[in-house]
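1. model this:
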Amino acid sequence: MNLLNKNYIYRGFVSHYRFYPKIHRFKYRVFSLLLNLEELENLEKKTKLFSINKFNLFSFFFKDHTKEPYVNPLFWARKILSSKGLYKSSDKIYILCYPRILGYVFNPLSTYFSIDNKNQIKAIIYEVHNTFGDRHNYVTKYSNTNEKVDKIFHVSPFFKIEGEYEFNTKLKNQSLKIEIKYFKNDKTNLLNAIFSGKQSKFNDRNLMLCFILYPLMTIKVIFAIHLQAFLLWIKGIQFFNRPIPSKDIISFSKSLIKNNVKNDKNN
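-> Numbering: from 1, shown residues only. Presented below is the predicted three-dimensional model:
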């Protein structure tokens, strides 16, 4: 793995395999960007089709990833990782996410990688978004074994808030795979969600190729979410209403951003 100070496009597939209470599967072709959050300004200067915080064919807006519209999510990620003892000043922070395409994006999952000075993954933040505008972060120390966390955030209206997630992420050579397994409290495997992609260089040629091969992909993402929800409803799978989000989670996110703004000004 050789990521330091580089940015990439990963083209591949996202798939969901639901095992309970009824079988339901889908698979879509997608692409994601892997961006070094410290190099965004330089990256913007090298490309005509990609912009930071302004409209373009492809763009990355800070406000899609933080509560403050002009705060680089780099500072937010550093704060979270530091609070867990998982960050040093020499570490690099990358984000894997969908870009805005013609101004629109919805990221069901944004993944932050902390890379140490030996070019090894040190920790990962899995930021989960739902269609109600809520978000929550699961922070894991990276290891060769799968990382497990309790599910405490409402995502799909066809699952309760119970059980645990098991994360298995591999980033090596020119491939990337993120697999999330969801288990009930009795260890029943309910769902496997997978993104698998192959690496290509981040440049205008490959961005245009993505626009041709994946036209209006981000609009298709939100359409597919609602389409699959409709199909699950047709199958008669039980629907669970969204609970009121935890105030602790909301205030925690806001305090992280507020502290980062202060730290940024002090620096």
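
2. Sketch out the low-pLDDT regions of the stretch 1-150 of the chain for me.
-> 1-5 (pLDDT under 70).

3. actually the stretch 151-267 of the chain, not the one I typed
-> 245-267.

4. For it, which segments count as strands?
-> With DSSP state E, counting those that start in this stretch, the ranges of strands along the stretch 151-267 of the chain come out as 164-172, 175-183, 189-201.

5. Reformat the ones you listed as TSV; add mean neighbour count and distance to Val128.
-> Heads up, the C-betas are built off the backbone N, CA and C, glycines and all. Conversion of the strands of the stretch 151-267 of the chain to TSV gives the following (neighbours: other C-beta atoms under 10 Å; distance: least, C-beta to C-beta, whole Å):
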stretch	mean neighbour count	distance to Val128
strand 164-172	17	9
strand 175-183	18	9
strand 189-201	17	10
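
6. Let's have those in TSV, adding distance to Pro108.
-> Formatted as TSV, the strands of the stretch 151-267 of the chain follow (distance: least, C-beta to C-beta, whole Å):
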stretch	distance to Pro108
strand 164-172	13
strand 175-183	11
strand 189-201	9
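
7. Surely Phe62 touches Val71?
-> Yes: the pair Phe62 / Val71 is scored as a contact, 5.9 Å apart, by C-beta atoms under 8 Å.

8. mind checking how far Ile161 is from Lys184?
-> Going from Ile161 to Lys184 by C-beta to C-beta, to the nearest Å gives 12 Å.

9. re the thing from before, of the strands of the stretch 151-267 of the chain, which is nearest His24?
-> Judged by C-beta to C-beta, the one of the strands of the stretch 151-267 of the chain that comes nearest to His24 is strand 189-201, at 9.1 Å.

10. Give the other helices and strands that that closest one contacts.
-> For strand 189-201, the elements it packs on are strand 8-18, strand 24-36, strand 175-183, judged by 3 or more C-beta pairs under 8 Å, 6 or more residues apart in numbering; DSSP states H and E.

11. Tyr182: what's it in contact with?
-> Residues counted as contacts of Tyr182 (C-beta atoms under 8 Å, 6 or more residues apart in numbering) are 151, 159, 163-166, 189-193.

12. and the closest residue to it other than its chain neighbours, what are its bridge partners?
-> Nearest non-adjacent residue to Tyr182, counting by C-beta to C-beta, 6 or more residues apart in numbering: Leu191, 4.3 Å away. In this entry, Leu191 is beta-bridged to Arg18, Tyr182, by DSSP bridges.

13. Likewise for Cys97?
-> Using DSSP bridges, the bridge partners assigned to Cys97 are Leu33.

14. That one contacts Tyr112, correct?
-> No: with contact defined as C-beta under 8 Å, Cys97 does not count as touching Tyr112 (9.1 Å).
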